[in-house]
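Colleague: let's see this in three dimensions:
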Amino acid sequence: MLNLTIVPVKGKRMLRQFIQFPLDLYKDCDKWVPAFEDDEYKSLGPENPSLSFCDRELYLAFRGEEVVGRVAAIINHNANKKWGEEVVRFGWIDFVEDFEVAKALVDTVADWGKARGATKIKGPLGFTDMDREGLLVEGFENESPFTVIYNYPYYGEFLERMGFTKDADWTQRFIEFSDKLPSMFQYADLVEKRYGVHIYRASTLRKMARRGREMFHVLNSAFAGLYEYSQLSKEQIDGYVKQYVPVLNKDMVAFVVNDKDELVAFTVTMPHISAGVRKAKGRIFPFGWMHILPELNPRKNHMAEGLLIGVLPEYQTKGAALLMFKYLHENFIKLGIKRMLLNPQLEENHKVQTLFGDYDPKPYQRRRSYVKAITL
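Modeller: I've put the predicted structure just below:
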């Protein structure tokens, strides 16, 4: 390992290097889109509420004075307890095209986890499902949504060379909207009458925030049995509501409530802003907003992203999704949106995989979580 060192991140300067590294690595890649810089500082800094149930260490790889890689080592104790396993996660992993660098980073995470009782290493995963997760393995030719991981093809090649195997896949697809509503929506009135559910229209930011909190509670119920999921805490939910709800477009968010005014289903979409975020280099201030703001206008940006969807288990066969899709499709016609990238969906989650069948979804990208046993 000539001149190669792996160093724990200490202090603001090294954290800045950690966050800056992928911008340098992908500066010539027009498919990669950075995360928002402020979000990265919140996720990786000491104020992240996930640290109440997660341990973490950040590492940088150096060749001499040059940064050549980064990785986060994470143990989510809640998830490990729920799933009955001792796992250390690797996330925020990036490296130059050098197998020695990649292996040194992954070995460092494995050793860190092993010292804390881990018997498996998995990733890329974050602290929770709200973080970027899954290594891109198909669809490198497509521009990545800003909410997910994009990486060079050699990442997966190097991990498999180290002995990692597939643990789970997420597929990402796109659907197209015509100016004519699909025939399935003729049953919307019947769903409302039979099951006592209807679309809730939030008229103010305060009402949106109220439903936003309920939304994450629905998410906790809907996602409870899904891969490596752990419940979001009250502190996390409060943070997400404060961070994201104020920037949502009410015409691109659908809430379904029952006759007791309880939220039973939701879906969150927004304009596809990847091009603007890339031009802004993930920085909103001082001038990044000038690149992002035009992309937020759905009347000029005819592509949307589906960020989240959740339906309470007891309503998953009662047509709640039908009401949401009808509401959004009607709004998308008014806004001029023609296409939407769906959020990454677990390959094994057959309910969500078939949910959009009437729109005939087309493949876009595929991401993978890898796993490997840690030698004791």
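Colleague: give me the low-pLDDT residue ranges for this protein?
Modeller: 1-2 (pLDDT under 70).
Colleague: OK, contacts around residue 374?
Modeller: 88, 110, 113, 114, 118, 119, 120, 121 (Cβ atoms under 8 Å, 6 or more residues apart in numbering). From N, CA and C alone the C-beta is placed, and that goes for glycine too.
Colleague: again, only using 7 Å
Modeller: Contacts for residue 374 (Cβ atoms under 7 Å, 6 or more residues apart in numbering) come out as 110, 113, 114, 118, 119, 120, 121.
Colleague: dump the residues you listed to JSON lines, plus distance to residue 70, neighbour count and secondary structure.
Modeller: Listed next are these as JSON lines, based on distance: Cβ to Cβ, whole Å; neighbours: other Cβ atoms under 10 Å; DSSP: H, G, I helix; E, B strand; the rest coil:
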{"residue": "110", "distance to residue 70": "16", "neighbour count": "21", "secondary structure": "helix"}
{"residue": "113", "distance to residue 70": "17", "neighbour count": "25", "secondary structure": "helix"}
{"residue": "114", "distance to residue 70": "20", "neighbour count": "16", "secondary structure": "helix"}
{"residue": "118", "distance to residue 70": "20", "neighbour count": "23", "secondary structure": "coil"}
{"residue": "119", "distance to residue 70": "25", "neighbour count": "14", "secondary structure": "coil"}
{"residue": "120", "distance to residue 70": "22", "neighbour count": "17", "secondary structure": "strand"}
{"residue": "121", "distance to residue 70": "16", "neighbour count": "25", "secondary structure": "strand"}
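Colleague: what is the end-to-end distance of stretch 30-43?
Modeller: 25 Å (Cα to Cα, to the nearest Å).
Colleague: residues in contact with that stretch?
Modeller: 19, 22-23, 26, 48, 131-132, 140, 142-144, 146, 150, 274, 277-278, 281-284.
Colleague: one more: stretch 359-370?
Modeller: With Cβ under 7 Å, 6+ apart as the criterion, stretch 359-370 contacts 122-123, 125, 133-139, 142, 148-149, 159, 164-175, 341-342, 344.
Colleague: what distance separates it from the centre of its chain?
Modeller: 13 Å (Cα atoms, centre = their mean, to the nearest Å).
Colleague: kindly report the same for stretch 37-44.
Modeller: With Cα atoms, centre = their mean, you get 14 Å for stretch 37-44.
Colleague: stretch 283-298 too?
Modeller: 20 Å.
Colleague: what about dumping the CA coordinates of that stretch to PDB?
Modeller: What follows is stretch 283-298, C-alpha atoms only, in PDB (Å, rounded to 0.1, in the frame of the first residue of the first chain):
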ATOM      1  CA  ARG A 283     -25.000  24.100  -2.900                       C
ATOM      2  CA  ILE A 284     -28.200  26.300  -2.600                       C
ATOM      3  CA  PHE A 285     -26.300  29.400  -1.400                       C
ATOM      4  CA  PRO A 286     -25.000  31.800  -2.300                       C
ATOM      5  CA  PHE A 287     -26.000  31.300  -6.000                       C
ATOM      6  CA  GLY A 288     -27.000  27.700  -6.400                       C
ATOM      7  CA  TRP A 289     -30.600  28.500  -6.100                       C
ATOM      8  CA  MET A 290     -30.400  30.300  -9.400                       C
ATOM      9  CA  HIS A 291     -29.800  26.900 -11.100                       C
ATOM     10  CA  ILE A 292     -32.300  25.000  -9.000                       C
ATOM     11  CA  LEU A 293     -35.300  27.400  -9.000                       C
ATOM     12  CA  PRO A 294     -36.200  27.100 -12.700                       C
ATOM     13  CA  GLU A 295     -36.200  23.300 -12.400                       C
ATOM     14  CA  LEU A 296     -38.800  23.500  -9.600                       C
ATOM     15  CA  ASN A 297     -41.400  24.900 -12.000                       C
ATOM     16  CA  PRO A 298     -43.400  21.900 -13.300                       C
END
